[in-house]
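next comes the sequence, and after it the predicted model I'd like to discuss.
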Amino acid sequence: MAKFETVEVQTDVLILGGGMAACGAAVEAAYWAKKNGLKVTLVDKACMERSGAVAMGLSAINQYVGVKDGQNTVKDYVEYVRNDLMGITREDLVANIARHVDSTVHLFEKWGLPIWTDEKGAYVHEGRWQLMINGESYKIVVAEAAKNALGAENVYERVFITEPIVENGRCVGAVGFSTREEKFYVFKAKAVLAAMGGAVHVFKPRSGGEGLGRSWYPPFNSGASAYFTIKAGAEMTCQEVRFIPVRFKDAYGPVGAWFLLFKSRATNGLGEDYMQTNKTELEKWKPYGAVKPVPANLRNWLMMLDVMAGKGPIFMRTEEAIEKLSAAVSDPKERKKKLKDLESEAWEDFLDMTISQAILWAATDTMPEERPSEIAACEPYFIGSHSGASGAWVSGPEDIAPKQYCWGPANMTTVKGLFAAGDASGASSHKFSSGSHTEGRIAAKSAVRFAVENPSMPAIDNAKIEKLRERILRPMELFETHKGATTDPDVNPNYIRPKQYLFRLQKLMDEYAGGVSTNFTTSEKLLNKGLELLKALKEDSEKLAAETLHELMRVWENIHRTWQAESHMRTILFRDETRWPGYYFRSDRPQMKEDWKVFANCTYNPEKNEWEMKKREILSIY
Ligand code: SFD
Ligand code: AMP
């Protein structure tokens, strides 16, 4: 692949990703870098205006604490997150985000994001923590502010970050390739911030050939954050805590507005409300089974019990909710207007962030005011910023974190110079879009501080970079060399194409690691077999081939997913209990155990090619 140009970029602070956390990081880093005469560079695999989870837009800001308005306290938020994650959370990290998140939301508004207000000018809440927005252009608004802060010359788009550069235990950059031009990039930096989102398509999606690849989580995020931090040698946390959202079936429309704003119920095929009929099950999961709101995984679980008992389909009772809300208005003319408003809000909720759900409603002649719509549990995703928790184990804020959680500037991973935010940092769930942006700001401020305090960099070994270049581009070489061996380029004894590899990974995870087809259930025996098969798959990843630059990206997305998959299986196996029924169930360890109220962490050792698993204590700050 000699024709690939090598482009070297020297910078001070390197932000990897262009999503919510990275955009927050850009704004904050630019501010502090200017004061210190530093350069900040951002790299996104896509185009920032429409990249990451918020690409299509969102219909709500899910984290707003309202501290100044006296609505809630930071402690209230920490308690909410702790309970929702069945006790497993880094309270210091959650509190750090919660105390700053409102200011981020105010910035969004200043930049032009329309947040709903009532007649008195107060924000319209979807639920206790959530604000309603007209969010179709949410990502454009946030990306514009980030780009303005950095300057276009410091933003690299359509460059896929592949691998970290680590020297003497310090992360000093990253390598990647352009998805449009034959260019191999080497970014060298004093501090690096990983914010490349979570992962989807590690598990087989519910959609088959009819809508191949459709999922709730955006297909663009493929485990780059996890891979990058794992390969850099960072300790990871909560790799077992996947997220399974319940969504409108087949097009993955959001349910939050229905449950919280419209106060809708969901019922089974017999018309029973599973949250009521299966209530006694919550006893088994106390103390978290007794908290309000019922934790997301337990809400899932009560629904799944009915599905497993053959009582499906499950319906969101849209018609009932709309009827109830409009019936509360006594004046007939006003009631008619209310009905119209509710209908348009229902459609807008989808049009703001999951357009395909509106299309499906239209295609199936669904009038939400007339008949209910099916909902279902999605396949598992890795999104530590939502109701999952996977990500890197990061240092806490010095002023509030227990000292055992402090080893460097806030949000630095256990690798010197490597920071993480958003989906990339673990054990601090429920950040969502606003909290991820906030955490990006926190991490970026720390990264600038680190770059100022550690100005001299270890020398980067050129031979190592050359080796990385050879390995990263090899799939194209492989294709070129062997493409003539068969008439059908998809069937070749010398290589495997990314799509075939992806199907194998997904089948394996689905069947052995608790995917949709096994009702999210697994066991020690299944996991051990799954790990054995994954080992063989990893060996075959050396034979992945790419015909085009786009396919080269697909190759590396799959390799990234594979490492996310491995850390997931290893950690489910390590955690000797079931703690999050509704996310996954260990059939051989069907109960929650008091001695597992700990973090399950893992670290990959590249020299020994070994994983180390360890428990970490949960330290409360309140
Ligand atoms: O309600 C590489 N989320 C919601 N949050 C809200 O506040 N309100 C909502 O309404 C939300 N809804 C929602 C949400 C998520 C999804 C998927 C849906 C609906 C369908 C959660 C937030 O979106 C989420 O918490 C944040 O976006 C997380 O931020 P961050 O920065 O951690 O991830 P990102 O925004 O997806 O950005 C990732 C970036 O990385 C890039 N990238 N760049 C270079 N090289 C690589 N190899 C890369 N791999 C990835 C991406 O391009 C992107 O720029 S609700 O329905 O839940
Ligand atoms: P969702 O659309 O499911 O992502 O929900 C958006 C927000 O509402 C998230 O903060 C969820 O945790 C919360 N949420 C959704 N459904 C419920 C529910 N039934 N009870 C409490 N909170 C919910």
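Noted; the coordinates are in hand. Residues are numbered from 1 along each chain as shown. Ligands and ions are numbered 1, 2, ... in the order given.

can we go C-alpha only for contacts and neighbour counts from here?
Will do.

near residue 8, how many other residues are there?
12 (other CA atoms under 10 Å).

report the rounded mean pLDDT for the helix or strand containing it.
Using DSSP states H and E, residue 8 falls within strand 5-10. Averaged across strand 5-10, the pLDDT comes to 98.

show me what it is packed up against.
Counting contacts by 3 or more CA pairs under 8 Å, 6 or more residues apart in numbering; DSSP states H and E, strand 5-10 is packed against strand 183-188.

quick one: check the strand it packs on for contact with ligand 1.
No. Strand 183-188 lies out of reach of ligand 1 by CA under 6 Å from any ligand atom, never closer than 11.5 Å.

same question for stretch 100-120.
No. Judged by CA under 6 Å from any ligand atom, stretch 100-120 stays clear of ligand 1, getting no closer than 10.0 Å.

ligand 1 contacts on the stretch 251-400 of the chain?
Within reach of ligand 1 by CA under 6 Å from any ligand atom, the stretch 251-400 of the chain has these residues: 254, 385, 386.

about what we covered before: gap between the strand holding residue 8 and the chain center?
Chain-centre distance of strand 5-10: 30 Å, with CA atoms, centre = their mean, to the nearest Å.

what angle do it and strand 183-188 make?
Going by axes from the mean of the first three to the mean of the last three CA atoms, to 10 degrees, strand 5-10 is angled at 20 degrees with respect to strand 183-188.

need the contact list for the most centrally placed residue in the chain.
Taking CA atoms, centre = their mean, the centroid of the chain lies closest to residue 383, which sits 2.4 Å from it. With contacts defined as CA atoms under 8 Å, 6 or more residues apart in numbering, residue 383 is in contact with 197, 198, 199, 242, 243, 389, 390, 423.

can we see that at 7 Å?
198, 199, 243, 389, 390, 423 (CA atoms under 7 Å, 6 or more residues apart in numbering).

and these, which is closest to ligand 2?
Nearest to ligand 2 among the contacts of residue 383 is residue 243, at 10.5 Å by CA to the nearest ligand atom.

quick one: stretch 580-587 near ligand 2?
No. Contact of stretch 580-587 with ligand 2 (CA under 6 Å from any ligand atom) is absent, the minimum separation being 13.7 Å.

could you give the mean pLDDT of that stretch?
Mean per-residue pLDDT for stretch 580-587: 98.

again, but for stretch 17-26
98.

and for stretch 519-530?
Rounded mean pLDDT across stretch 519-530 is 98.

compute the first-to-last residue distance for that stretch.
Length of stretch 519-530, first residue to last, CA to CA, to the nearest Å: 16 Å.

make 797 the starting number, not 1.
Shifting the count to begin at 797 puts that one at stretch 1315-1326.

buried ones in that stretch?
Going by neighbour count (16 or more other CA atoms under 10 Å), the buried part of stretch 1315-1326 is 1315, 1316, 1317, 1318, 1319, 1320, 1322, 1323, 1324, 1326.

dump the residue contacts of the fourth one.
Okay, so that is residue 1318. Residue 1318 sits in contact with 1308, 1309, 1310, 1381, 1382, 1383, where contact means CA under 7 Å, 6+ apart.

counting neighbours, which of the residues you listed comes out on top?
residue 1309 (33 neighbours).

excluding chain neighbours, what is closest to the residue in the chain positioned nearest to ligand 2?
Nearest to ligand 2, among the residues of the chain, is residue 1052, at 3.3 Å (CA to the nearest ligand atom). Nearest non-adjacent residue to residue 1052, counting by CA to CA, 6 or more residues apart in numbering: residue 922, 7.9 Å away.

do residue 1299 as well
residue 1000 is the one closest to residue 1299 (CA to CA, 6+ apart), at 7.5 Å.

need the pLDDT of that neighbour.
Taking residue 1000 on its own, its pLDDT is 97.

show me the contacts for it.
Taking CA under 7 Å, 6+ apart, one finds 1302, 1303, 1306 in contact with residue 1000.

the longest helix along the chain: which residues count as buried?
When the chain is parsed with DSSP state H, its longest helix is helix 1345-1370. Using 16+ other CA under 10 Å as the test for burial, helix 1345-1370 gives 1345, 1347-1370.

where along the stretch 897-1046 of the chain do the strands fall?
927-928, 951-953, 955-963, 966-974, 979-984, 987-990, 1032-1033, 1042-1044 (DSSP state E, counting those that start in this stretch).

point out the most buried one among the ones you listed.
Most buried of the strands of the stretch 897-1046 of the chain, by mean neighbour count (mean count of other CA atoms under 10 Å): strand 987-990, with a mean of 32.
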